[in-house]
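Q: Pasting the sequence and the predicted coordinates here, then a few questions.
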Amino acid sequence: MIEQLLPAFLLGLLGAGHCVAMCGGIATALGLNAPGHLGYSLLYQVGRISSYMVIGLIFALFASLIPQSFIFYLRLLAALLLLGMALYLSGVWNALAGVERLGKVLWSLIQPLATKIKRPNSMIMAFVAGVIWGWLPCGMIYSALGLASLSANPLYGALTMLAFGLGTFPAMAGLTIFSQSVIKLISHRITRIFSALLIFFLAIWTAYSAVEAVIS
């Protein structure tokens, strides 16, 4: 289990630049970085991570229906998604654009709800906003879902996405609390390249574990 939780957490932590690019404007639009909105911000993050866990549960449930002989290919797919994330962060190629387009089909059904929530005026609405925006099409989330599906166990899939969500928490919480200073640090090219290299090694490790499982 740890072989999924740790990579998922590191992916969330290292992909902070992508988080800021995708969700920075949302946090500002919702007023989550306004003075006195710390509680709103935290509940928004809890709602967002809750959605990740639900999606992870669903993906792992579907993976449990796949014959064991196909698990090898599932591991390779997870490795490819991580590699795509590394390429995106490095600025070489937005390899996950096609995957994000697929996610937009579902998002088109959810987006009308998101547009109705302008600025949360209660803790509950802040949580609801997080739940809704947690379904926003995102290549990094899909990379983490590749890891979550490897367990082929709904509970472990949800826990994997919890680990991923906790990894994204410092960047997203920092974004709503410290705003521009965090954006500048996380978006710096050196930070992104360093993160891309580490995620690249995660991709290699995932691919290696897939091959090793077959050989052994």
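A: Now that the structure is in, tell me what you want to look at.

Q: Endpoint to endpoint, stretch 148-156 covers what distance?
A: Counting by CA to CA, to the nearest Å, you get 7 Å between the two ends of stretch 148-156.

Q: Pull out the buried positions in that stretch.
A: By neighbour count on 16 or more other CB atoms under 10 Å, the buried set for stretch 148-156 is 148-154, 156. The C-beta positions use only the backbone N, C-alpha and C, and glycine is treated the same way.

Q: Show me where the protein dips below the pLDDT cut-off.
A: Low-confidence segments of the chain (pLDDT under 70): 1-2, 24, 28, 31, 33-36, 174-187.

Q: The most centrally placed residue in it and residue 133: what is the separation?
A: What sits nearest the mean C-alpha location of the chain, by CA atoms, centre = their mean, is residue 141, with 3.0 Å. Going from residue 141 to residue 133 by CB to CB, to the nearest Å gives 11 Å.

Q: how close does residue 142 get to residue 124?
A: 29 Å.

Q: ditto for residue 88
A: For residue 88 relative to residue 124 (CB to CB), the value is 34 Å.

Q: cool, residue 199 as well?
A: Counting by CB to CB - residue 199 and residue 124 are separated by 35 Å.

Q: which one of these two has more residues nearby?
A: residue 199 (26 against 11; other CB atoms under 10 Å).
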